[in-house]
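Student: All I have is the shape, not the residue letters:
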């Protein structure tokens, strides 16, 4: 919707037509039903269509860096991760490459026997989500904000709540109720993440309320306390700290009061830079 020719210039996502990946490896820090003991087969894509001021992955989300691959090579990465024992193929920040990913998944479909996960901010058009129907088994989506003003302040996207609500609705329509295998690994379904920002318990509560009242137990809600402030600009000093234990407890208590049953919570201190993957950003720069 940027209306740019990526062969000539870059749009909001900052990416060219060429697929740029910055990491392809087993990842052990996703929700338990995704990572398991074997790991989730993550492929991180360069670029992003949101500009969150607190982005942990800014080294790859704000510049076009990484390893250039075509659809055949991307397909090979999927097969390689499956051969390494991955529980699933986890596409991280894939929105701006959906059309290329779609072609790679079509090529790999006959060889892949593990679920495909789309790990997205949910700042996706319904049309884009529909492009992935029949190819994505699990939507690992965000619902970052329920208030347009908060969305504008921290992600430069006042329409985020409206766009994300429509996108998540389409995701749920596509895959239906959650299903798991005998090991407790998710085979299909929707998990919606809600990242608590410091000082914004009220905003997180509003997000959880919307999700639960809209979808009930058709989705899993992942309540995240791992917000890690890295190079936060001075004008956003109010979020230049970690969330307190009490803030997170208030959010969990609220979810329980609502009646939320299908949920993930984080235990211990997960707000650490050591949980941020190392990216291979030096191979290609566009």
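Tutor: Structure's in. What do you need? What you see is a predicted model; the values in this text were computed from it and never measured.
Student: now residue 159, nearest residue through space, not along the chain?
Tutor: Excluding the flanking residues, the one nearest residue 159 by C-beta to C-beta, 6 or more residues apart in numbering is residue 148, at 7.0 Å. Bear in mind the C-beta positions are built from the backbone N, C-alpha and C, glycine included.
Student: doesn't residue 160 make contact with that neighbour?
Tutor: Yes: here residue 148 reaches residue 160: they are 7.2 Å apart, a contact under C-beta atoms under 8 Å.
Student: Check the burial of the residue nearest to residue 159 by counting its neighbours.
Tutor: Neighbour count for residue 148, taken as other C-beta atoms under 10 Å: 14.
Student: Now for it: which residues touch it?
Tutor: Residues in contact with residue 148 (C-beta atoms under 8 Å, 6 or more residues apart in numbering) are 158-162.
Student: Can you pull the phi/psi pair for it?
Tutor: Main-chain torsions, residue 148, degrees, to the nearest 10: phi -60, psi -30.
Student: How much space separates it from residue 255?
Tutor: 23 Å (C-beta to C-beta, to the nearest Å).
Student: follow-up on the earlier one: what residues do residue 148 and residue 160 have in common as contacts?
Tutor: By C-beta under 8 Å, 6+ apart, no residue touches both residue 148 and residue 160.
Student: one step back: which of the contacts of residue 148 count as buried?
Tutor: 158, 160-161 (16 or more other C-beta atoms under 10 Å).
Student: closest to residue 235 among those residues?
Tutor: Nearest to residue 235 among the buried ones among the contacts of residue 148 is residue 158, at 17.5 Å by C-beta to C-beta.
Student: By mean pLDDT, flag the weakest helix or strand of this protein.
Tutor: helix 58-61 (a mean of 78; mean pLDDT, DSSP states H and E).
Student: Buried residues, that one. List them.
Tutor: 60-61.
Student: Need the contact partners of that helix.
Tutor: Applying C-beta under 8 Å, 6+ apart, the set of residues contacting helix 58-61 is 22, 44, 46-48, 55, 65-66, 93, 230-231, 279, 281.
Student: Export those residues as JSON lines, with columns for pLDDT, distance to residue 190 and neighbour count.
Tutor: Shown next, in JSON lines, are the contacts of helix 58-61 (pLDDT from 0 to 100; distance: C-beta to C-beta, whole Å; neighbours: other C-beta atoms under 10 Å):
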{"residue": "22", "pLDDT": "92", "distance to residue 190": "26", "neighbour count": "26"}
{"residue": "44", "pLDDT": "95", "distance to residue 190": "21", "neighbour count": "24"}
{"residue": "46", "pLDDT": "91", "distance to residue 190": "25", "neighbour count": "33"}
{"residue": "47", "pLDDT": "89", "distance to residue 190": "24", "neighbour count": "25"}
{"residue": "48", "pLDDT": "93", "distance to residue 190": "21", "neighbour count": "23"}
{"residue": "55", "pLDDT": "93", "distance to residue 190": "23", "neighbour count": "17"}
{"residue": "65", "pLDDT": "80", "distance to residue 190": "30", "neighbour count": "21"}
{"residue": "66", "pLDDT": "88", "distance to residue 190": "28", "neighbour count": "26"}
{"residue": "93", "pLDDT": "95", "distance to residue 190": "18", "neighbour count": "23"}
{"residue": "230", "pLDDT": "89", "distance to residue 190": "29", "neighbour count": "12"}
{"residue": "231", "pLDDT": "90", "distance to residue 190": "32", "neighbour count": "9"}
{"residue": "279", "pLDDT": "49", "distance to residue 190": "27", "neighbour count": "17"}
{"residue": "281", "pLDDT": "47", "distance to residue 190": "31", "neighbour count": "17"}
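Student: Those residues in strands, which ones?
Tutor: 22, 44 (DSSP state E).
Student: Now render the contacts of helix 58-61 as CSV, adding distance to residue 221.
Tutor: Shown next, in CSV, are the contacts of helix 58-61 (distance: C-beta to C-beta, whole Å):
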residue, distance to residue 221
22, 28
44, 24
46, 29
47, 27
48, 23
55, 22
65, 33
66, 31
93, 21
230, 25
231, 29
279, 28
281, 32
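Student: nearest to residue 249, of the contacts of helix 58-61?
Tutor: residue 230 (24.2 Å).
Student: wouldn't the closest one be in contact with residue 57 here?
Tutor: No: in this structure, residue 230 is not within contact of residue 57 by C-beta under 8 Å, at 9.8 Å.
Student: Okay then, goodbye and thanks.
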